[in-house]
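# pasting a predicted model and its sequence here:
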Amino acid sequence: SIIAEKFGELGKDQGACRYIQKLLNDSPIETIRVLYYPLCQNVLQLINDPFGNYLIQKIITYLSNEQLYEILKIISSNFFEICCNTHGTRVLQKMVEFSTAPSVKKYFFELLKPLITPLLKQLNGTFVVQKFAEVNSKEYSKEINQIIIENSPVLSTHRHGCCVIQKYLELKDPTMTPNLLDKLIDNCLLLIVDQFGNYVIQTILLM
């Protein structure tokens with residue numbers, strides 16, 4: 001079909017995006033059958049696009065876990081950039097919601113794990129980490145929390161990272177907060193004189 005042939009081009013057009021989303025609503029199985037291969041070919045150019053990202057989010061809701069796994073493999077080399085993009089972060093959060101198979105969750109976490117600390121320094125990247133931790137709390141929250149605790153002094157000296165650490169402190173999670181406090185207090189001499197870290201120490205004092 002013309003839509004399949006011109007998918008990369010049409011995916012960046014607001015009107016075409018809406019039309020394809022309507023097709024998905026009306027006949028999802030047939031539409032996915034026709035568009036899945038063009039999606040794989042064009043996902044990297046559409047995922048960060050102002051209109052294309054909405055189309056991909058819509059398509060994700062109809063994909064199988066096997067198809068989601070394939071999409072993740074295609075975008076894996078650009079994963080950090082996509083997490084940090086205003087539009088890409090939304091697509092990845094949608095993927096987290098619809099990835100229900102343990103194998104897909106595991107692969108997503110393999111991509112995410114080495115990037116957790118740098119992502120928590122990025123406004124959009126933070127949302128991907130938080131969404132994954134929230135949706136997969138039983139399986140992965142302990143490991144994610146441990147990474148945050150270990151890197152909390154470094155995060156606390158960053159403009160955005162310090163806000164993230166303050167939010168985690170304010171949650172008062174009994175499984176995390178005591179260890180987080182210990183790590184930060186151990187580094188208080190560094191943090192108390194830092195332009196951002198001092199706010200973390202103030203938060204601790206208020207607690």
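Okay, I see it.
# residue 120 and residue 129 touch, don't they?
Yes - at 6.0 Å, residue 120 counts as touching residue 129 under the criterion of Cβ atoms under 8 Å. Any C-beta I mention is one placed from the backbone N, CA and C, and that applies to glycine too.
# out of those two, which sits in the busier spot?
Using other Cβ atoms under 10 Å, the more surrounded residue of residue 120 and residue 129 is residue 120, with 26 against 21.
# what are the phi and psi angles of that one?
The phi/psi pair for residue 120 (degrees, to the nearest 10) reads phi -70, psi -10.
# contact partners of the biggest helix by length in the chain?
Longest helix in the chain, counting residues (DSSP state H): helix 28-46. Helix 28-46 has contacts (Cβ atoms under 8 Å, 6 or more residues apart in numbering) with 1, 3-5, 7-8, 11-12, 20, 23-24, 52-53, 55-56, 59, 62-63, 67, 70-71, 74-75, 78.
# centroid-nearest residue for this protein?
Centroid-nearest residue in the chain, with Cα atoms, centre = their mean: residue 128, separated by 2.0 Å.
# just the CA coordinates of the host helix or strand of it, formatted as PDB?
For residue 128, the host element (DSSP states H and E) is helix 123-135. C-alpha atoms of helix 123-135 as PDB (Å, rounded to 0.1, in the frame of the first residue of the first chain):
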ATOM      1  CA  LEU A 123      15.000  15.800  32.700                       C
ATOM      2  CA  ASN A 124      13.400  13.500  30.100                       C
ATOM      3  CA  GLY A 125      15.700  10.600  30.900                       C
ATOM      4  CA  THR A 126      14.600  10.600  34.500                       C
ATOM      5  CA  PHE A 127      11.100   9.800  33.400                       C
ATOM      6  CA  VAL A 128      12.100   6.600  31.700                       C
ATOM      7  CA  VAL A 129      14.000   5.400  34.800                       C
ATOM      8  CA  GLN A 130      11.100   6.200  37.000                       C
ATOM      9  CA  LYS A 131       8.500   4.600  34.700                       C
ATOM     10  CA  PHE A 132      10.500   1.400  34.500                       C
ATOM     11  CA  ALA A 133      11.000   1.300  38.300                       C
ATOM     12  CA  GLU A 134       7.300   2.000  38.900                       C
ATOM     13  CA  VAL A 135       6.000  -0.600  36.400                       C
END
